[in-house]
Structures are given as C-alpha cells and as structure tokens.
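A.B. asks: Pasting the sequence and the predicted model now:
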Amino acid sequence: NGGGLHNNGSLVTLAQVNLTGNAAQHGAGFYNTGGGALTLSGGTLASNDATGDGGAIYNTASTVSLSQAVVSSNTAAGNGGGIFSAASSTLTTLTVANSQVSGNSATSGGGIYTSGVQTTLTMTNTTVHDNQATLTGGGLITHGVASLSGSTISLNTATSGGGIDHIGGSLTLTNDTLSG
C-alpha cells in the first residue's frame, strides 16, 4: 500500500510535490492511516493506479487536507479513482479546497469516494470534472457528513449518480454548480 508514500500515524506536510505514475493495491499515490495527517499544498497526484481502492489517495482513520492540488487521471479497480476516504469507527476527515479532481476512474466514486458514519468531507471552491465510475458516483460518493461550498461538479458519468451519489448521513450544498 502507498506506491508513492505510506504514512502510519505521523504528520506529513507536502508543498508543491508531485506524486505521479505510482502503483499499489491501495493508495497508489499516498496511503494514510493510523491517525496520520497529510497536508498537500499545491502539487499534482496523476496517473497513479490502484488494484484496490484509492488511485491517488487512500485515507482511513486519519486526516487529509488538500489545497490548490490537482488530482488527475488516476484509476482504481475498486472505489475512489482519485481519492478514497473511509472509516468504520474512527473519525476520518477529508478537506479539499481550491483544487481540481478530474479524469479519474473507478468502479464507484470515480473522483472521490467517502464512506462511513465517522467520515467527513469538506469541499470548497473545487472542480470535480470528467470523472467516471462503472457503477455509482461518477464525480463522488458521499456517506457520512459532507459539505460542499462554491464547487463545480460537471460532466461526470456513472450508471447511477453521475455527479453525486449520496448514500447516507448528511449532505449540505451551498453555492455549488452541478451540470452535465
């Protein structure tokens, strides 16, 4: 797990770092677990390939914060072509701001996949565009607490929930655009 980087319980801060062309079972770009905290400011996560979940990022029982990042052209045979963030009993947090998530693909959650009642997603001023899922949630799947503000979800495709597939918990949209 973690073709580019693997973090178990530590604080990792990346500025203008590119994680590209990595492969792993889960989290081909970055695997974050064990209460770890990843902050990525700028940089690109692209062309990473996971045989399981999380083409670019796999986050569980931890925190990921992305700002001015590009998550593009990643694939996962399972869930979360761009980002996979899930928890069963431990708080897992994903924050995405002023970023772009595009051209990713997976079985479910082409761009972003969040799952679990202890999972939170906060997304502001972010574009989720042209992602694909063969089943559900072309742009993103949300389960848990999700809040989107000033973001654009466009031209994503899936059999069900092309833009957003919300499967439980709470979803709050404020000044967002869903199109195509």
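C.D. replies: Happy to help now that I have it.
A.B. asks: For stretch 35-45, what is the distance to the chain centroid?
C.D. replies: 12 Å (CA atoms, centre = their mean, to the nearest Å).
A.B. asks: so what's the residue positioned nearest the centre of the chain bridging to?
C.D. replies: Centroid-nearest residue in the chain: residue 83, 2.4 Å away (criterion: CA atoms, centre = their mean). Judged by DSSP bridges, the bridge partners of residue 83 are residue 57, residue 112.
A.B. asks: Name all residues that make contact with it.
C.D. replies: 54, 56-57, 59, 64, 71, 94, 96, 101, 111-113 (CB atoms under 8 Å, 6 or more residues apart in numbering). The way it works is simple: take the backbone N, C-alpha and C, and place the C-beta from them, glycine included.
A.B. asks: same thing but 10 Å
C.D. replies: 27, 29-30, 45, 53-59, 64, 66, 71, 74, 76, 94, 96, 101, 104, 106, 109, 111-114, 121, 140 (CB atoms under 10 Å, 6 or more residues apart in numbering).
A.B. asks: measure it to residue 175 for me?
C.D. replies: Residue 83 sits 22 Å away from residue 175, taking CB to CB, to the nearest Å as the criterion.
A.B. asks: again with residue 10
C.D. replies: With CB to CB as the criterion, residue 10 and residue 175 are 36 Å apart.
A.B. asks: Likewise for residue 149?
C.D. replies: Here the criterion is CB to CB. By it, residue 149 lies 6 Å from residue 175.
A.B. asks: Who has more neighbours out of these two?
C.D. replies: residue 149 (15 against 10; other CB atoms under 10 Å).
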